[in-house]
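> The following comprises the amino acid sequence and a computationally predicted model.
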Amino acid sequence: MQDKPQTLEDSWQRSIRYVRISVTDHCNFRCQYCTPESGAPWFPKPEQLTANEYKRLIRIFAGLGVSHIRFTGGEPLLFPALPELIAEAKAAGVAKRSVSTNGVLFARKGATLLRAGLSKVNISLDSLNKERFSAITRGGDLDAVLEGIEVARQIGVPQIALNVVLHQSSTREDLLRLAEFALVGDLDIRFIELMPLGSAGSTLYQRDFYSAQKAKALIETVFGPLQPEQDSPTDGPASLYRVPGFASRVGFITPWSHNFCAACNRVRVNAAGRLLYCLGQEAGLELREVLREGLADRYIAQKIQQGVWHDKPQRHYFEDVPDRSAPVFMMRVGG
């Protein structure tokens, strides 16, 4: 008789099938919503997970029924062993293996990631205006990002999506140009509301929040009514829409104006090996310590199951915090 398959569930009857793994907190951008202007301390080297520890976690999560692993940062393409981790996820039977990147290094490294088993890439693109892009990213190279997007198309990455963080200071032209760029290029696009994470996100949120509802209404003034699409349970938190006449999908991620906590199917691992149950909370399970205790995989899996069941909250509580911020640096968890 075969053993009953292990699963990962929380006490709110949600099945966890999606894990976001931050492989580094280093980044070659310093985006306003991600990193404080003064910078932030990196995890000390001894506290960071090794490539072999990541591989072990990938196998454990796969054994718990996880069907989507997304590698984030910081900037994940700065992590030399990223292709090995993608290959490990594929070998372990993880159906979707994705990467969130700023795109600068994708032209050089994308083909290697694709050969390893990459099935989807999300590339951040907050503006097509060079000056505004440079301001948001504090010096980012827009041309290099656009080259990375083009290379992703040329080499045939199965799914490509653009991530756009919404800002009140964005112009109407900014948003419409991004929507047109994605639709004409057969690229999916996600418009993401600012989140009050850490000092950087909290400060920017208070002065520059722009709702996804407003962005959707603006896009519809040009492209007509958006048609809702039934989203995949492993496709993340975006509400997805089709635009008549285009193959691309337009998505809106609304952690603040219309939170998606009731359908949350994900947990996160930061670059220091902490399992985070919610993006809005710092508390979690110190997997680095567990991995280095010499326990067998099945015991680590049990600890993960117990942690998720007992400690994953029903929802985030941004609105209940006086300054509406969470004590988490986006650069350390990758969103």
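Cool, the structure landed.
> could you show me where the helices are in the stretch 151-300 of the chain, in order?
When secondary structure is read from DSSP state H, counting those that start in this stretch, the stretch 151-300 of the chain shows helices at 172-184, 198-208, 212-223, 287-291, 297-311.
> The first one packs against which elements?
Counting contacts by 3 or more CB pairs under 8 Å, 6 or more residues apart in numbering; DSSP states H and E, the secondary-structure elements packed against helix 172-184 are strand 159-165, strand 188-192, helix 212-223, strand 249-253. The C-beta positions use only the backbone N, C-alpha and C, and glycine is treated the same way.
> and the angle for the second one with strand 249-253?
When axes from the mean of the first three to the mean of the last three CA atoms, to 10 degrees is applied, the directions of strand 188-192 and strand 249-253 differ by 20 degrees.
> in its sheet, what does strand 188-192 sit against?
Next to strand 188-192 in the sheet, as set by DSSP bridges, lie strand 159-165 (parallel), strand 249-253 (parallel).
> Where does the prediction get shaky in this structure?
1-5, 39, 197-207, 231-235, 256-258, 316-335 (pLDDT under 70).
> Which one, of the helices of the stretch 151-300 of the chain, ends up nearest to Cys34?
Comparing the helices of the stretch 151-300 of the chain against Cys34 with CB to CB, the closest turns out to be helix 198-208 (6.2 Å).
> Output the helices of the stretch 151-300 of the chain as TSV; include the columns mean neighbour count.
Listed next are the helices of the stretch 151-300 of the chain as TSV, based on neighbours: other CB atoms under 10 Å:
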stretch	mean neighbour count
helix 172-184	17
helix 198-208	19
helix 212-223	16
helix 287-291	19
helix 297-311	16
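> Out of the strands paired with strand 188-192, which gets nearest to His310?
Closest among the strands paired with strand 188-192, using CB to CB: strand 249-253, at 27.4 Å.
> Name the surrounding residues that touch that closest one.
The contact list for strand 249-253 (CB atoms under 8 Å, 6 or more residues apart in numbering) reads 161, 179, 182-183, 188-193, 212-213, 215-216, 219, 226, 229, 236-243, 260.
> Kindly recompute the last result at 6 Å.
Asp188, Ile189, Arg190, Phe191, Ile192, Ala212, Lys216, Pro237, Ala238, Ser239, Leu240, Tyr241 (CB atoms under 6 Å, 6 or more residues apart in numbering).
> ok so, going back, please produce a markdown table containing the helices of the stretch 151-300 of the chain, extended by distance to Ala272.
A markdown table is the format used below for the helices of the stretch 151-300 of the chain (distance: least, CB to CB, whole Å):
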| stretch | distance to Ala272 |
| --- | --- |
| helix 172-184 | 34 |
| helix 198-208 | 15 |
| helix 212-223 | 31 |
| helix 287-291 | 6 |
| helix 297-311 | 16 |
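> For Val66, which of those helices is the nearest?
Of all the helices of the stretch 151-300 of the chain, helix 297-311 comes closest under CB to CB, at 10.2 Å.
> Contacts for the closest one, please.
By CB under 6 Å, 6+ apart, helix 297-311 touches Leu8, Asp10, Ser11, Ile16, Ile60, Leu64, Tyr277, Leu285, Val290.
> ok, the fourth one to Ile160 distance?
The one in question is Ile16. 26 Å (CB to CB, to the nearest Å).
> who has more neighbours, these two?
Ile16 (23 against 20; other CB atoms under 10 Å).
> So the more buried one is in contact with Phe61, correct?
No. In this structure Ile16 lies outside contact range of Phe61 using CB atoms under 6 Å: 9.1 Å.
> show me where the stretch 1-150 of the chain has strands.
Here the stretch 1-150 of the chain has its strands, by DSSP state E, counting those that start in this stretch, at 18-22, 68-72, 96-101, 120-124.
> Would you mind putting the ones you listed into a markdown table with distance to Ser248 and mean neighbour count alongside?
Conversion of the strands of the stretch 1-150 of the chain to a markdown table gives the following (distance: least, CB to CB, whole Å; neighbours: other CB atoms under 10 Å):
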| stretch | distance to Ser248 | mean neighbour count |
| --- | --- | --- |
| strand 18-22 | 22 | 25 |
| strand 68-72 | 20 | 25 |
| strand 96-101 | 17 | 24 |
| strand 120-124 | 14 | 22 |
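> Relative to Ala111, which of the ones you listed is closest?
strand 120-124 (11.9 Å).
> can you list contacts of that closest one?
In contact with strand 120-124 (CB under 6 Å, 6+ apart) are residues 98-103, 149, 152, 157, 159-163.
> switch to 8 Å and redo it
Taking CB under 8 Å, 6+ apart as the rule, strand 120-124 contacts 31, 70, 96-103, 106, 110, 113, 145, 148-149, 152, 157-165, 190.
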